[in-house]
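A.B. asks: For reference, the sequence and a predicted model appear below.
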Amino acid sequence: MEVIDQWVAEFFIRRQHNTRVSPINLLSALKFGDSSDCLKLKISSVLRDISNSLNRGMLDEGTLDLLEILEKLLLQQRSLIMESHKSAYCWTAAECTLRFMWPLSASDGLFTDALEKIWTKRIGILKESGSDLVTHDLLKWETDLKKALEDPELYQRIRETNIRYTAISFLTQLLKEQWALLGNSSLESVAQRRFLKRKADNNVEGDCVDNRSDPNAVDESTRRLENDTIDNVNERRGTGEGEDGNGNNRDIEGAGCLENDEIDKVNEQHAADEEQTMSAQEQEHEPSLDKGDKMAARELKDYLLEIQRHIDPSTRQDQEPNNAINRSVDVTPQPARVNRSGTGVQDHNEVRQQDNVIARGSGIQETWSGRIRPRLPTPVPLNVSPLKNVNSPVRRRKKFWTPEEEKALREGVKEYGKSWKDIKNANPAVLGERTEVDLKDKWRNLVR
DNA sequence: ATAGGGCTAGTA
DNA sequence: TACTAGCCCTAT
């Protein structure tokens, strides 16, 4: 694959909603070869995929696949696997299983299938390969879930927990960290270097005396342009962890961090990259879609799927035409977890739909790594916000605040003020069952 | 996203 | 009936 193809593809994968692009022309101009020189492009692609899933409120085994692929790619570029990555995998795996716990009894429904396919087989393979994603928390979930098969009380307890928000929080954190680590796209980096070089050249023309007295000024810029390969910057960044979207280093959840001199190098590089910056890179990583741009966005999405298929066909297994159509058509959010926490009586149509999905999927599919792995279908797309009642006339059951929740709220207000969303995000494990409005209401009560 | 008014259920 | 905690709706 030509380097320029790689740069262009990477650039557009990062900027999903660009109305000035003709995807078809662009795609026809690109030739995708072996994957060895596409690491940065692949990582961008996987991150974009995870991001798209989250935007659609989808957390399923496809997400687990993507997290596993991301781990392999990061290991290829000799990056450490971050805590957010491990946690995201752990809670997504648990969430995928909990989604099959809507019947009141463990023996009904697909819970045993989910256990077998997700925990015994999928995670079994991970264990064999010595993956970093197999954490203490993951093993604890495995033990609990398998115990729940025999213990109705435990099954009930797990069944009623809501961990979706936790999984989403970790995935969001992972995306933020990984986008930050990727830094500028290769195309932008090179463009910026050329910009700097031109600027330096202009200075040379404008002031020959200075140039003679300091010949290194131009040489340095030229040298960077010629010698810096696209992955140089990335490799340097890839060894570090815990960098936020503003380009600042911070230690995340006790993960390893750069030595001080390395931090300085990275910061210097960032300072150079961000001087005369061409665009607000970070904001564009997660762009918000203008209402008038839906057509262009859809066109671009198709284009992305096409690119992704070229990059690595086996990773796009759930985006084959049929499923792609399903995904693009059915994006209407469904009420979250109604069946799990409800009476257990399920709508017949929904049961039939699930059966159809199961019948369609063979249960065994080829994965990115080339290993055979079973796949559970996604029964119902759920809301991203698990507590939001969509068009439901039923009031949520009154639930009194626990001292732990109250403490988390007080500490949150102390730290973030009245930013209820931030407070909730800061402590999803405790406040996961409360909406931002709940936080606001409770605070109103507390200060009365 | 947040603030504020109002509603509901529980309780004294 | 009055009060409260938690929940919901709507305007900004």
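C.D. replies: Alright, I've got the coordinates.

A.B. asks: Give me the buried positions along the helix or strand encompassing A:E68.
C.D. replies: If you go by DSSP states H and E, A:E68 is part of helix A:61-76. For helix A:61-76, the buried set under the neighbour-count rule, 16 or more other C-beta atoms under 10 Å, comprises A:61-71, A:73-74. Backbone N, C-alpha and C define where each C-beta goes, glycine included.

A.B. asks: Show me which pair in those is furthest apart.
C.D. replies: Across the buried residues of helix A:61-76, no pair lies farther apart than A:E61 and A:L74, at 20.1 Å, counting by C-beta to C-beta.

A.B. asks: So what touches the host helix or strand of A:L439?
C.D. replies: Assigned by DSSP H and E, A:L439 belongs to helix A:436-447. With contact meaning C-beta atoms under 8 Å, 6 or more residues apart in numbering, helix A:436-447 is reached by A:387, A:401, A:405-406, A:409-410, A:412-413, A:418, A:420-421, A:423-424, A:431, A:434.

A.B. asks: Narrow these to just the buried residues.
C.D. replies: A:387, A:401, A:405-406, A:409, A:412-413, A:420, A:423-424, A:431, A:434.

A.B. asks: where are the low-confidence patches of the stretch 301-448 of chain A?
C.D. replies: Where the stretch 301-448 of chain A drops to pLDDT under 70, the residues are A:301-393.

A.B. asks: SS state for the closest residue in space to A:L110 that isn't next to it in sequence?
C.D. replies: Spatial nearest neighbour of A:L110, excluding adjacent residues (C-beta to C-beta, 6 or more residues apart in numbering): A:F100 at 4.3 Å. Classification of A:F100 using DSSP: H, G, I helix; E, B strand; the rest coil returns coil.

A.B. asks: the strands in chain A, which residues?
C.D. replies: A:364-366, A:372-374 (DSSP state E).

A.B. asks: According to the record, where do the domains of chain A fall?
C.D. replies: A:3-180+A:289-374, A:183-285, A:403-447 (automatic domain parsing).

A.B. asks: Look up how far DNA strand C lies from A:E404.
C.D. replies: Look at A:E404 and DNA strand C: by C-beta to the nearest atom of the strand, to the nearest Å, they are 12 Å apart.

A.B. asks: That residue: how many residues sit nearby?
C.D. replies: 12 (other C-beta atoms under 10 Å).

A.B. asks: One more: A:N427?
C.D. replies: With other C-beta under 10 Å as criterion, A:N427 counts 19.

A.B. asks: Name all residues that make contact with it.
C.D. replies: Taking C-beta under 8 Å, 6+ apart, one finds A:408, A:411-412 in contact with A:N427.

A.B. asks: before we move on, could you check phi and psi at it?
C.D. replies: phi -140, psi 60 (degrees, to the nearest 10).

A.B. asks: before we move on, what about the one 5 residues further on?
C.D. replies: Backbone dihedrals for A:G432, given as degrees, to the nearest 10, come out at phi -60, psi -20.

A.B. asks: list the contacts for it?
C.D. replies: Contacts of A:G432 (C-beta under 8 Å, 6+ apart): A:162-163, A:165-166, A:386, A:424.

A.B. asks: between these, which is nearest DNA strand B?
C.D. replies: A:K424 (7.8 Å; C-beta to the nearest atom of the strand).

A.B. asks: still on that earlier bit, measure the residue nearest to A:L110 to A:W179 for me?
C.D. replies: 32 Å (C-beta to C-beta, to the nearest Å).
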